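Q: Sequence and predicted model, in that order:
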Amino acid sequence: MASMRAVATLARPAAATLRPQTLAALIPSSASASTTTSSSAINTSTTPSSRLRRSIPSRRQISTTAPRASSRAPKPKHPAGFVAPDQAALDELRASVQEFVRAEIPEEVAARTDKENEFPADMWGKLGDMGLLGVAAEESVGGLAMGYQAHCIVMEELSRASASIALSYAAHSQLCVNQLQLNGNPEQKQRFMPDLIAGRKVGALAMSESGSGSDVVSMRTRATRTADGSGWLLNGSKMWITNGPDADVIIVYAKSDTECQPSKGITAFIVERQPGLQCLRKLDKMGMRGSNTGELVLENVIVPDENVLGEVNAGVRVLMEGLDLERLVLSAGPLGIMQAALDVALPYAHARQQFGRPIAEFQLVQGRLADMYTKLQVSRAYTYATARRIDESGEIKTADCAGAILYAAERATEVALDCIQVLGGMGYTEDMPASRLLRDAKLYEIGAGTSEVRRMVIGRYFNREYSLNQ
């Protein structure tokens, strides 16, 4: 990148402490599910954060495919001057994130996060030190400006270690930081993004309500002008808000004009934590338990005019422009879960013996493992092909962003179930991570638009394309 030395000054110099792995290295430390790397082989002379900051090539050093203009993209989805990183840079990023995960999110941390239903608060600073909270954000505010392939890589590798930590990461880095990157004005970016990218503040997005999940335009939260006309008063409630209990900066969508069409009367606001903004309760979820999720109540929350994100009554455009990218980045979460399931099932199948030989030698077990692997690789190819198209040409296909998460989410649930089946009785206990993988995977068939909504989005895309060609 053009100014990696300047970006690196954001990193705190705390040394990483490597922790021994548990479960007899069932979670391999290499990219291959069939090989493991001893933590003792890791060079600890420098921290993962400093190594990532220094090792990522500069923008001038990266060989790229030149971006092509696209009439389908309403405006650029990358920082000015962005060039798509080559495969070597992406591989270096993946290796650095894997090293970070081995050091900071070993299995005992993932298991404890799930059991205690609590996100490890110190993780924000560690992710910030790595630069991962602004992986697609511009360098002028502390980001890495590496694009959406890179964002998916980080999401996949974090999800492989802990899907709940990764979900909170995505809510912060994609739903909040990237919305500011795409729609914020220069003053808003300078005010909010440096602290968010450094992990000094936690971000979230508040769109859904108890009565309007998939049907977002029916939201009931209201935004009215203050008496002196200098800002807005927000009143209402928001439900299922990832990072809601912890967030310092929240992008809130509210009805600002009840007279016009529902799709044209919504505004996006940058809301800072204040007395009128309360987390009414933290939700006790089946899965993703380490990702703190809450119900928010807004009572006369004051938002100045300078905190309007985009234009007044144009919040649906802000929302929809971010939704495709949200689905794309989140589709990498199921990839990590599927890889984690293979990380558990493959070593177990070779270690577990029945009838005098490893169960991996039985054809039915081999077939199940083969199906798990194939589902992962097909899902991975779809997600990264979609991300690569955006990075290299700027083209966003709504159908593919919806299709990538639709396919990966449903396959992840199947693969997690297959993992339990391979483990047999052990898979049905909390002594193994398989049940956590299943509980976490199911969320991806519901959040960011249910599987049914994704199919509807793809169907509407076909109908629109058909009508345009008539």
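A: Perfect, I can see it now.

Q: From now on I want contacts and neighbour counts done on CA atoms only, so please keep to that.
A: OK.

Q: Report how many residues lie close to residue 425.
A: By other Cα atoms under 10 Å, 9 other residues sit near residue 425.

Q: Wasn't it part of a strand?
A: No - going by DSSP: H, G, I helix; E, B strand; the rest coil, the assignment for residue 425 is helix, not a strand.

Q: Could you check how far it is from residue 434?
A: 11 Å (Cα to Cα, to the nearest Å).

Q: ditto for residue 95
A: Residue 95 is 25 Å from residue 434, by Cα to Cα.

Q: ok, the two, which is more surrounded?
A: Between residue 95 and residue 434, counted using other Cα under 10 Å, the more crowded position is residue 434 (26 against 19).

Q: For this protein, which residues score under the pLDDT cut-off?
A: Along the chain, the parts satisfying pLDDT under 70 run over 1-75, 213-215, 262.

Q: packing partners for the helix ranked longest in it?
A: The residue-count maximum for a helix in the chain (DSSP state H) belongs to helix 363-393. Counting contacts by 3 or more Cα pairs under 8 Å, 6 or more residues apart in numbering; DSSP states H and E, helix 363-393 packs against helix 147-161, helix 315-330, helix 332-351, helix 398-423.

Q: distance between the ends of stretch 302-315?
A: End-to-end distance (Cα to Cα), stretch 302-315: 18 Å.

Q: how many neighbours does the closest residue to residue 90 other than its chain neighbours have?
A: Of all residues not flanking residue 90 in the chain, residue 150 sits nearest, at 6.3 Å (Cα to Cα, 6 or more residues apart in numbering). Number of residues near residue 150 (other Cα under 10 Å) recorded here: 27.

Q: Run through the residues that contact residue 150.
A: 90, 93, 135, 136 (Cα atoms under 8 Å, 6 or more residues apart in numbering).

Q: which residues touch the first one?
A: Meaning residue 90. 149, 150, 153.

Q: Could I get the CA-only coordinates of the helix or strand hosting it as PDB?
A: According to DSSP states H and E, residue 90 maps onto helix 87-104. Extracted C-alpha coordinates of helix 87-104, given in PDB (Å, rounded to 0.1, in the frame of the first residue of the first chain):
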ATOM      1  CA  GLN A  87      -3.300 -13.700  -5.400                       C
ATOM      2  CA  ALA A  88       0.100 -13.500  -3.700                       C
ATOM      3  CA  ALA A  89      -1.100 -10.600  -1.500                       C
ATOM      4  CA  LEU A  90      -4.400 -12.400  -0.700                       C
ATOM      5  CA  ASP A  91      -2.400 -15.500   0.300                       C
ATOM      6  CA  GLU A  92      -0.200 -13.400   2.500                       C
ATOM      7  CA  LEU A  93      -3.200 -11.900   4.200                       C
ATOM      8  CA  ARG A  94      -4.800 -15.400   4.700                       C
ATOM      9  CA  ALA A  95      -1.500 -16.700   6.300                       C
ATOM     10  CA  SER A  96      -1.300 -13.700   8.600                       C
ATOM     11  CA  VAL A  97      -4.900 -14.100   9.800                       C
ATOM     12  CA  GLN A  98      -4.400 -17.800  10.300                       C
ATOM     13  CA  GLU A  99      -1.400 -17.000  12.500                       C
ATOM     14  CA  PHE A 100      -3.500 -14.400  14.400                       C
ATOM     15  CA  VAL A 101      -6.200 -17.000  15.000                       C
ATOM     16  CA  ARG A 102      -3.800 -19.600  16.300                       C
ATOM     17  CA  ALA A 103      -2.500 -17.100  18.800                       C
ATOM     18  CA  GLU A 104      -5.700 -15.300  19.900                       C
END
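
Q: That helix: which residues count as buried?
A: Within helix 87-104, the residues scored as buried using 16 or more other Cα atoms under 10 Å are 89-90, 93-104.

Q: Could you dump those into CSV and include distance to residue 281?
A: Formatted as CSV, the buried residues of helix 87-104 follow (distance: Cα to Cα, whole Å):
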residue, distance to residue 281
89, 42
90, 39
93, 37
94, 36
95, 38
96, 36
97, 33
98, 34
99, 35
100, 32
101, 30
102, 33
103, 32
104, 29
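
Q: Could you identify the pair within these that is furthest apart?
A: Spatial extent of the buried residues of helix 87-104 (Cα to Cα) is set by the pair 89 and 104 at 22.4 Å.

Q: Helices along the stretch 151-300 of the chain, start to end?
A: 163-170, 179-183, 186-198 (DSSP state H, counting those that start in this stretch).

Q: among the ones you listed, which is nearest residue 304?
A: Using Cα to Cα, the nearest of those to residue 304 is helix 186-198, at 12.0 Å.

Q: helices or strands up against the closest one?
A: Against helix 186-198 (3+ Cα pairs under 8 Å, 6+ apart) you get helix 123-130, helix 179-183.

Q: quick one, which of those helices is nearest to residue 440?
A: The nearest among those, by Cα to Cα, is helix 123-130 at 19.2 Å.

Q: can I assume residue 338 is in contact with residue 418?
A: No - assessed by Cα atoms under 8 Å, residue 338 is found out of contact with residue 418, at 10.1 Å.

Q: mind listing what the nearest residue to residue 221 once chain neighbours are set aside touches?
A: Distances taken as Cα to Cα, 6+ apart place residue 236 nearest to residue 221, at 4.2 Å, with adjacent residues excluded. Residues in contact with residue 236 (Cα under 8 Å, 6+ apart) are 220, 221, 222, 297, 298, 299.

Q: now residue 278
A: Contacts of residue 278 by Cα under 8 Å, 6+ apart are 296, 297, 298.

Q: Put together JSON lines for the residues you listed, with distance to residue 398 and neighbour count on each row.
A: Below are the contacts of residue 278 laid out as JSON lines (distance: Cα to Cα, whole Å; neighbours: other Cα atoms under 10 Å):
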{"residue": "296", "distance to residue 398": "29", "neighbour count": "22"}
{"residue": "297", "distance to residue 398": "32", "neighbour count": "20"}
{"residue": "298", "distance to residue 398": "32", "neighbour count": "21"}
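
Q: tell me which of these is nearest to residue 170?
A: Among the contacts of residue 278, and counting by Cα to Cα, the member closest to residue 170 is residue 296, at 19.1 Å.

Q: hang on, the earlier thing: could you point out which of the helices of the stretch 151-300 of the chain sits nearest residue 157?
A: helix 163-170 (8.5 Å).

Q: which other residues reach that closest one?
A: Looking at helix 163-170 with Cα under 8 Å, 6+ apart, the contacting residues turn out to be 114, 119, 133, 155, 158-159, 242-243, 287-292, 329-330, 333, 336-337, 437, 440.
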